[in-house]
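**Student:** please find the sequence and the predicted model below.
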Amino acid sequence: TPMKQAQTSIARGIGGSKVIEINGHEVYCSQGRVCAEVDVLSIDADNSDYGKVRVTFKNRTGDSVLVKIKLEIKDENNAMLDETRSENFPIPPTQEATYEYSGITRKNSKVRVLLNAAN
């Protein structure tokens, strides 16, 4: 049940920022409203140079949600290897949606997903 505990931790982060770990990667949610409305179900990253990252979200609300997502790739010493620009990502009401970004991973790296409310 670590996955359920992580999801519950995100939901409890309504008032401020929250960092949780999923599949050995991190989610940083800087605005509690985003964390309350969206669950991060999984983060999967290819363990190869310039591979793909897949982040699966679940919209917990009956309305469409637009989140701003940014990925950071860090090495085992937490040094920044690469990052993406922030992108708006829509998630339909009560649905799951998977965000994919290719050509960014590094072997033995960790992904940090930064989530914000889209403006």
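**Tutor:** That came through, no problem. Residues are numbered from 1 along each chain as shown.

**Student:** what residues does the longest strand anywhere in the chain touch?
**Tutor:** Ranked by number of residues, the top strand in the chain under DSSP state E is strand 65-74. Residues outside strand 65-74 that contact it (C-beta atoms under 8 Å, 6 or more residues apart in numbering): 34, 37-38, 53, 55, 57, 59, 80-91, 99, 101, 104-106, 109-119. From N, CA and C alone the C-beta is placed, and that goes for glycine too.

**Student:** now, of those residues, which are buried?
**Tutor:** Neighbour counting over the contacts of strand 65-74 (16 or more other C-beta atoms under 10 Å) leaves 34, 37-38, 53, 55, 57, 59, 89, 91, 99, 101, 104-106, 109-117 as the buried ones.

**Student:** sort out for me which of those residues are in strands.
**Tutor:** 38, 53, 55, 57, 59, 89, 91, 99, 101, 110-117.

**Student:** ok, back up a step: for the longest strand of the chain, buried residues please.
**Tutor:** For strand 65-74, by 16+ other C-beta under 10 Å, it's 65, 67-74.

**Student:** pull up the distance across stretch 18-35, start to finish.
**Tutor:** 8 Å (C-alpha to C-alpha, to the nearest Å).

**Student:** my guess is Ala117 contacts Cys35. True?
**Tutor:** No. Here Ala117 does not reach Cys35: they are 10.1 Å apart, not a contact under C-beta atoms under 8 Å.

**Student:** okay, now Ser48: neighbour count?
**Tutor:** 12 (other C-beta atoms under 10 Å).

**Student:** leaving out sequence neighbours, find the closest residue to it.
**Tutor:** Lys107 (5.9 Å; C-beta to C-beta, 6 or more residues apart in numbering).
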